[in-house]
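S.K.: Just a sequence and a predicted model for now, questions to come.
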Amino acid sequence: MINFNPVFMLSVEEIKKLASLVKISLTDEEIEVLQKDVSSIVGYVSKLQELDLSAVKFDQENNQELAGSRSDWVIGTPLDEAKDLIKQAPHTKDNLISTKPIFNRS
């Protein structure tokens, strides 16, 4: 995982406000973890905003594809090749790529 040092750290109050907006309750430990994780995400997004995309050309067809939702189906890749790609992921479960959980609940 790439860690970006945020320019600023979100406050505990801001994390609590975000939690209330999505209607979840958080323990103090979860607030601490999310404070670091969300601040890291904001730092990453701020790095993306520094990219110069002036040379990138988008046509109307590509814009429509980017704006729409994507499916999780592998298109144009043979099934055996797709399975080989999934096997290369650091963590897999049931032939799917597994990611780090956001909340560790018992």
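M.R.: Cool, the structure landed.
S.K.: residues near residue 39, how many?
M.R.: Per other C-beta atoms under 10 Å, the neighbour tally for residue 39 reads 20. (C-beta placed from N, C-alpha, C; glycine too.)
S.K.: For residue 29, see how far away it is.
M.R.: For residue 39, the distance to residue 29 (C-beta to C-beta, to the nearest Å) stands at 16 Å.
S.K.: tell me how far stretch 26-35 is from the chain's mean position?
M.R.: Offset of stretch 26-35 from its chain centre (C-alpha atoms, centre = their mean, to the nearest Å): 18 Å.
S.K.: And stretch 75-84, by the same measure?
M.R.: The answer for stretch 75-84 is 23 Å, by C-alpha atoms, centre = their mean.
S.K.: Kindly check the end-to-end length of it for me.
M.R.: Using C-alpha to C-alpha, to the nearest Å, the end-to-end distance of stretch 75-84 comes to 15 Å.
S.K.: for stretch 44-55, same thing?
M.R.: 22 Å.
S.K.: in which helix or strand would I find the residue nearest the centre of the chain?
M.R.: The centroid of the chain falls nearest to residue 41 when counting by C-alpha atoms, centre = their mean (8.0 Å). Per DSSP states H and E: residue 41 is located in helix 28-48.
S.K.: Return the set of buried residues in that helix.
M.R.: 30, 31, 33, 34, 35, 37, 38, 39, 40, 42, 43 (16 or more other C-beta atoms under 10 Å).
S.K.: Not counting sequence-adjacent ones, nearest residue to the first one?
M.R.: Counting by C-beta to C-beta, 6 or more residues apart in numbering, residue 30 lies nearest to residue 103, which is 6.2 Å off, once chain neighbours are set aside.
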